[in-house]
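Peer 1: When you get a sec, could you give me coordinates for this:
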Amino acid sequence: MGKMLRYNNKPAGMLFAYLLTLTQFCLADDHLVEINRITAKVNDKIVTWGEIRQAMQKLNLTDQEMKDRASEFLDGKVDRLLASHAFTEKGMAIPDSFIEQEFNKRMISEFNDDRKLFREYLRSLGKTDREYREDIREEIIYQHMLSSMRRLKEDISPANVEEYYRKNASQFKTNAKVRIREIVLKPIADEPITVLLQQAKKIELKLDNGLKFEEIAKTVGQSAYRENGGDWGVMISEREIRSEEIRNQAFNLEEGEVSKPFKVELLERKQDGSVAKSGKIAVYIIQISKKEVSGLRPLEEIRTEIESLIAREIEADNQRKWLSKVKEDAYVRIILPE
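Peer 2: Now for the predicted structure:
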């Protein structure tokens with residue numbers, strides 16, 4: 001005998017839902033075997049384990065994932081049926097013509113308007129054309145009922161925004177970033193590192209005499225960014241720079257400052273896609289063309305973003321409360337296998 005949980009007994013005629021067995025599974029011959037069927041009833045709507053399995057198959061879940069997430073999908077299905085009942089109770093309806101329009105949109109976006117492909121898809125799920133359209137209707141109703149409780153951003157006060165900003169400051173921190181120009185001197189054949197260091201000294205003299213870094217970078221060395229004057233082209237954070245030597249230099253320089261020549265052990269990509277040190281040494285000179293320090297993003301810069309975050313939180317809370325209220329008006333019985 002299973003364990004029974006009850007929620008809120010209500011008179012007959014009111015919305016009721018009961019879930020019979022959340023399901024036990026076992027693995028045999030590498031296949032998931034259903035022992036107890038999942039059954040849910042919401043008014044006159046029946047949900048079988050087959051329907052729940054179909055929904056999970058759309059996501060290409062493994063057998064173990066389906067086992068772990070079965071109750072999650074069942075809860076979602078029951079919520080949708082409860083929403084559909086509440087929608088009907090309000091005297092509302094979705095015109096068949098609207099369902100047909102949505103169906104045609106999905107035929108194009110999901111099946112490239114290929115009816116044969118669509119029929120094969122339905123066959124794989126064991127669904128009929130009519131059942132597919134009912135799924136569309138159910139989804140539209142559910143989203144409508146949830147969206148009807150959304151709070152407009154205009155209802156969120158500046159005080160709400162400032163409070164959220166203070167309490168969630170860590171979300172709005174920025175990392176220090178730099179934009180780097182480089183001059184790279186790599187050895188030719190067995191050229192000793194001392195030769196490269198001598199070349200670097202000559203470049204230092206040119207810089208001291210007022211020659212622009214980017215002009216030298218265009219004509220000297222083997223940088224991958226040589227044509228762009230050694231410019232990496234993007235602002236980059238410390239953790240995004242793989243080379244420890246470059247990282248240490250870059251974040252100890254001020255904007256516009258040029259480093260002394262320094263040695264870098266070059267990185268190489270292996271056949272498996274990983275990156276590792278190659279054992280080859282090059283000499284670098286870098287310039288920080290732009291630098292941004294870490295800190296909090298200004299409130300005015302992200303006010304609209306915070307309003308959206310608050311609105312989503314309010315919306316999620318309203319949805320939870322609404323579904324809870326709908327369930328309070330239902331007779332819910334859950335029988336769990338012991």
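Peer 1: Would you mind listing where the stretch 201-338 of the chain has pLDDT under the threshold?
Peer 2: Residue ranges of the stretch 201-338 of the chain with pLDDT under 70: 325-338.
Peer 1: so where do the strands sit in it?
Peer 2: Here the stretch 201-338 of the chain has its strands, by DSSP state E, counting those that start in this stretch, at 236-237, 262-269, 275-292, 295-296, 331-336.
Peer 1: Just want the angle from the second one to strand 275-292.
Peer 2: Relative orientation of strand 262-269 with respect to strand 275-292: 120 degrees, computed using axes from the mean of the first three to the mean of the last three CA atoms, to 10 degrees.
Peer 1: Show me what strand 262-269 is packed up against.
Peer 2: helix 244-250, strand 275-292 (3 or more CB pairs under 8 Å, 6 or more residues apart in numbering; DSSP states H and E). For the C-beta atoms, the positions are set from N, CA and C on the backbone; glycine is no exception.
Peer 1: got TSV for these, with mean neighbour count too?
Peer 2: As requested, the helices and strands packed on strand 262-269 are arranged in TSV below (neighbours: other CB atoms under 10 Å):
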stretch	mean neighbour count
helix 244-250	16
strand 275-292	17
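Peer 1: mind checking which of the ones you listed is nearest Ala70?
Peer 2: Ala70 lies closest, by CB to CB, to one member of these: strand 275-292, at 41.2 Å.
Peer 1: picking that back up, make JSON lines from the helices and strands packed on strand 262-269 and add distance to Phe103 to it.
Peer 2: Listed next are those as JSON lines, based on distance: least, CB to CB, whole Å:
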{"stretch": "helix 244-250", "distance to Phe103": "55"}
{"stretch": "strand 275-292", "distance to Phe103": "49"}
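Peer 1: and of the ones you listed, who's closest to Ala224?
Peer 2: strand 275-292 (11.7 Å).
Peer 1: hmm, back to that, to Leu207, which of the strands of the stretch 201-338 of the chain lies closest?
Peer 2: Comparing the strands of the stretch 201-338 of the chain by their distance to Leu207 (CB to CB), the top pick is strand 275-292, with 8.1 Å.
Peer 1: Packing partners of that closest one?
Peer 2: Applying 3+ CB pairs under 8 Å, 6+ apart, we find strand 275-292 packed against strand 177-185, helix 193-208, helix 244-250, strand 262-269.
Peer 1: thinking again about what came up before, indicate which one of the helices and strands packed on strand 262-269 is closest to Arg133.
Peer 2: Nearest to Arg133 among the helices and strands packed on strand 262-269 is strand 275-292; the distance by CB to CB comes to 51.2 Å.
Peer 1: how big is the angle separating that closest one from helix 193-208?
Peer 2: 10 degrees.
Peer 1: orientation of strand 275-292 relative to strand 177-185 in degrees?
Peer 2: Between the axes of strand 275-292 and strand 177-185, defined by the same axes, to 10 degrees, the angle is 130 degrees.
Peer 1: got the buried residues for the longest helix along the chain?
Peer 2: Using DSSP state H to define each element, the chain has its longest helix at helix 299-328. Using 16 or more other CB atoms under 10 Å as the test for burial, helix 299-328 gives 302, 306-307, 309-311, 314, 319, 322-323, 326-327.
Peer 1: go on, stretch 62-82?
Peer 2: Buried residues in stretch 62-82, counted by 16+ other CB under 10 Å: 66-67, 69-71, 73-74, 77-82.
Peer 1: which ones are touching the residue of the chain most remote from its centre?
Peer 2: No residue in the chain sits farther from the centre than Asn209, which is 50.9 Å out by CA atoms, centre = their mean. Residues near Asn209 by CB atoms under 8 Å, 6 or more residues apart in numbering: none.
Peer 1: I'd like the distance between it and Tyr165.
Peer 2: Distance, Asn209 to Tyr165, using CB to CB, to the nearest Å: 50 Å.
Peer 1: Kindly report the same for Leu267.
Peer 2: From Leu267 over to Tyr165 the distance is 40 Å, taken as CB to CB.
Peer 1: likewise Lys58?
Peer 2: Distance, Lys58 to Tyr165, by CB to CB: 39 Å.
Peer 1: looking at it, Gln199 is touching Leu185, isn't it?
Peer 2: Yes - contact criterion CB atoms under 8 Å: Gln199 and Leu185 qualify, at 5.5 Å.
Peer 1: Which of the strands of the stretch 201-338 of the chain sits closest to Glu245?
Peer 2: strand 262-269 (4.5 Å).
Peer 1: Does Leu125 touch Gln57 like I think?
Peer 2: Yes - with contacts defined as CB under 8 Å, Leu125 counts as touching Gln57 at a distance of 6.9 Å.
Peer 1: ok, the two, which is more surrounded?
Peer 2: Between Leu125 and Gln57, Leu125 has the larger neighbour count (other CB atoms under 10 Å), namely 17 against 13.
Peer 1: Provide the backbone phi and psi angles at the more buried one.
Peer 2: When read as degrees, to the nearest 10, the backbone of Leu125 gives phi -100, psi -10.
Peer 1: Does anything pack onto the one helix or strand Phe87 maps to? Which helices or strands?
Peer 2: Assigned by DSSP states H and E, Phe87 belongs to helix 63-89. Secondary-structure packing of helix 63-89 (3+ CB pairs under 8 Å, 6+ apart): strand 16-20, strand 31-34, strand 39-42, strand 45-48, helix 49-57, helix 129-147, helix 299-328.
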